[in-house]
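*Asks:* Fold the following, please.
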Amino acid sequence: MSLKSLVKMTKILGPLLAMTTAASAHAAEIRVDGTSLKDEFGRTLLLRGVNLGADSKLPANLTDDPRAVTFVGRPFPLDQADEHFRRLQSWGLTFERLVVPWEAVEHAGPGEYDRAYLDYLHELVRRAGAYGIRVFIDVHQDGFSRALGGDGAPYWAVRAVGLVPDKTKEAGAPGSRPASYWPPSSSVHAISTMETLFWAGDEFAPSLKVDGVPVQQYLQDHYIQAVRQVALRLRDLDNVVGFDTYNEPRPGYIGVKDLRAPEPLTGMLATMVAPGAAAPTNWDFIQAASGYTPAEGSVVAPNPLWAPGAQDLWRRYGVWDVVDGRPVLLKPDYFATVAGQAPDVRRYIKRFETRYLEGVREAAPQALIFQEIGMPGVIQPDRAMRLDAAGVVYAPHWYEAVSLVTKRYTPGLVIDVATGRPIKGDEAVGAYFTAQYAAQKAEGDAMGVPTVIGETGLPFDMNGKAAYRSGDFSAQEHLAGLLFDALDRALVSYTLWNYSATNTNALGDGWNSEDLSIFSLSQQTDRADINSGGRALHQIVRPYPLATAGRPVSMKFDVRSRTFTYRYVADPKVKADTEIFVPKLQYPHGFQVAVQGGVPKPEPALSRLRVRAKTGEVEVVVTPR
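*Replies:* Numbers count the residues shown, from 1 in each chain. Here you go, the predicted model:
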């Protein structure tokens, strides 16, 4: 793809994407203190971990009957758990966002919970605790449901409103390879419909009920009750930190001013797949989902998704109708106003997240709530979104969007997606990345809560999967270096996307043609080597302060010299030592330490360095022995 094409694409994309000791089974407390996370000693925590894992979006078995699936064994079977947890522990990635789709808990039917899966989950998390690993639960979704090409909600939730699975896009359908749900199909309409009903069914479909319950309440209640089942089953485990609210909320049709206008994200992707084609509109998707052919030249093909005998519910609300055998759009601005005002999807999300917090806290009173505001670049956070409760953490996502979408990367060149401006040179690119992470941390600060970046990472199948043929991952390592240096500079906690135990070069992460896993079976050449299978590890696995007895000021890791420099201001009120993770991968022959303002206490057998300091600024420098 040419630089000119990248710049053009990003102008469209921009608005849219904008520890304890090693063997301890006890999980240290994590509590919210203003905009910081603290432990029971009052030390400031920087958390690092991964999402476990992208393959958890799909069942461990695939059947023709979605009621009979099982997620037992996702993210990995119990007999493999020690291997993976030991690896993550050795890499210092001990804070995991555990992917648990709604479908995994309640696939058999409304109110029918998979006890075998909940028991599996309990044992998995219990074993994680033996490695000092803490988790928070991510009730993941993309595109609302696997039935529509994404993941998340059970099939019955889609059928409840008259929709049927989109067999052309159904994620992980029997006999299919995991694939993207792009280019667009009428499932886009089904996804937007379900999102609209979930957030604001009371406003836009006020008479629609399921089993006598208003559709918005029906969907939200089942979602919250499924999460409560997880919380109840895990509440005796002290390494369960909390629960994510809802992965990357999207507004559906809420606020769409004109259904005849191109749907921005889908339209951008469609024109990438079919250059020169007209960008599809929401009206194209609506027609296609009822079996009609949209306007000539549209890339959206007819693909009926309303059950036999069922009618598009928006037709029932007068948004469109059939006149002389052809669909006619009657209310292109139906979703643009509510009671004469432009609807703000953030209000609907906050209303749901407040109900969610209350429901989860009834089952797990001490749980932190990791709040997501919206899909990056689509829904902007502000202080009004803050939940009126203690123990809330802001959990945004950020990716370098061009390499993520195009799977192309030229070292030293990225595009600023907000402006379409090319950024050249490692120094400028690094500054750009730092600004993005710092901006997200500032958003959390503005809401008065801590920030944990819930997702960030990079594609490993970039540049036509060249690294899989050559073994040369230098492009990936270059991008990873810039990203992780920026995360260090931003002094922000994060969970990487992702660690998939089943990843291979051929199948990637097993969902949506993605391949961002920092571990792959295809790169694992020696099962006895804990690092074998890791990708870009010399950039990703680096020293960092686990717990700081004071206020962090700066940290920097020079990957070439393996020199780590950390500065903080000691707090005399905190009596515990500062703890720094020092990975054996970077220091296989041990490390040496120079400290100004404190006293070092190396613990190389535990990959730890403790520093005792009473007051003032402290500088810690770690170098290889």
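
*Asks:* How confident was the prediction at residue 25?
*Replies:* Per-residue confidence (pLDDT) for residue 25: 37.

*Asks:* Just the strands from the stretch 401-550 of the chain, written as ranges.
*Replies:* Taking DSSP state E, counting those that start in this stretch as the criterion, the stretch 401-550 of the chain carries its strands at 413-416, 421-424, 452-453, 493-499, 544-548, 550-558.

*Asks:* what do you get for the stretch 251-400 of the chain?
*Replies:* Using DSSP E, counting those that start in this stretch, the strands of the stretch 251-400 of the chain run over 320-323, 326-329, 368-371, 392-394.

*Asks:* got the CA coordinates for the strand or helix carrying residue 592 in CSV?
*Replies:* Residue 592 belongs to strand 591-596 when assigned by DSSP states H and E. Taking C-alpha atoms only, strand 591-596 is exported to CSV below (Å, rounded to 0.1, in the frame of the first residue of the first chain):
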residue,chain,number,x,y,z
PHE,A,591,22.5,-8.3,37.3
GLN,A,592,24.3,-5.5,39.1
VAL,A,593,22.7,-2.5,40.7
ALA,A,594,23.6,1.1,41.5
VAL,A,595,21.2,3.0,43.7
GLN,A,596,21.3,6.7,44.7
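
*Asks:* buried set for it?
*Replies:* Of the residues in strand 591-596, 591, 593, 595 count as buried by neighbour count, 16 or more other CB atoms under 10 Å. From N, CA and C alone the C-beta is placed, and that goes for glycine too.

*Asks:* Compile those residues into a markdown table and extend it with columns for distance to residue 310 and pLDDT.
*Replies:* Formatted as a markdown table, the buried residues of strand 591-596 follow (distance: CB to CB, whole Å; pLDDT from 0 to 100):
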| residue | distance to residue 310 | pLDDT |
| --- | --- | --- |
| 591 | 65 | 98 |
| 593 | 68 | 98 |
| 595 | 70 | 98 |
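
*Asks:* got a pLDDT number for the residue most central in space within the chain?
*Replies:* Centroid check for the chain by CA atoms, centre = their mean gives residue 455 as the closest residue, at 4.4 Å. Residue 455 is assigned 98 on the pLDDT scale.

*Asks:* Who are the contact partners of it?
*Replies:* Neighbour list for residue 455: 51, 97, 397, 398, 399, 495, 496, 497, 498 [criterion: CB atoms under 8 Å, 6 or more residues apart in numbering].

*Asks:* for it, which residues make a bridge with it?
*Replies:* Going by DSSP bridges, residue 455 is paired in beta bridges with residue 397.

*Asks:* so where's the stretch 451-600 of the chain shaky on pLDDT?
*Replies:* Applying pLDDT under 70 to the stretch 451-600 of the chain flags no residue at all.

*Asks:* Where do the helices of it begin and end?
*Replies:* 462-470, 474-490, 537-540 (DSSP state H, counting those that start in this stretch).

*Asks:* Contacts for the shortest one, please.
*Replies:* Meaning helix 537-540. In contact with helix 537-540 (CB under 8 Å, 6+ apart) are residues 91, 477, 480, 481, 484, 496, 518, 531, 534, 559, 585, 586.

*Asks:* ok so, going back, so for residue 133, which of the helices of the stretch 451-600 of the chain sits nearest?
*Replies:* Distance to residue 133, taken as CB to CB, is lowest for helix 537-540 among the helices of the stretch 451-600 of the chain, at 16.7 Å.

*Asks:* how distant is that closest one from the center of its chain?
*Replies:* Computed by CA atoms, centre = their mean, to the nearest Å, the chain-centroid distance of helix 537-540 equals 21 Å.

*Asks:* next one: stretch 277-296
*Replies:* How far stretch 277-296 lies from its chain's middle: 30 Å, per CA atoms, centre = their mean.

*Asks:* average model confidence for it?
*Replies:* Model confidence over stretch 277-296, given as mean pLDDT, is 92.
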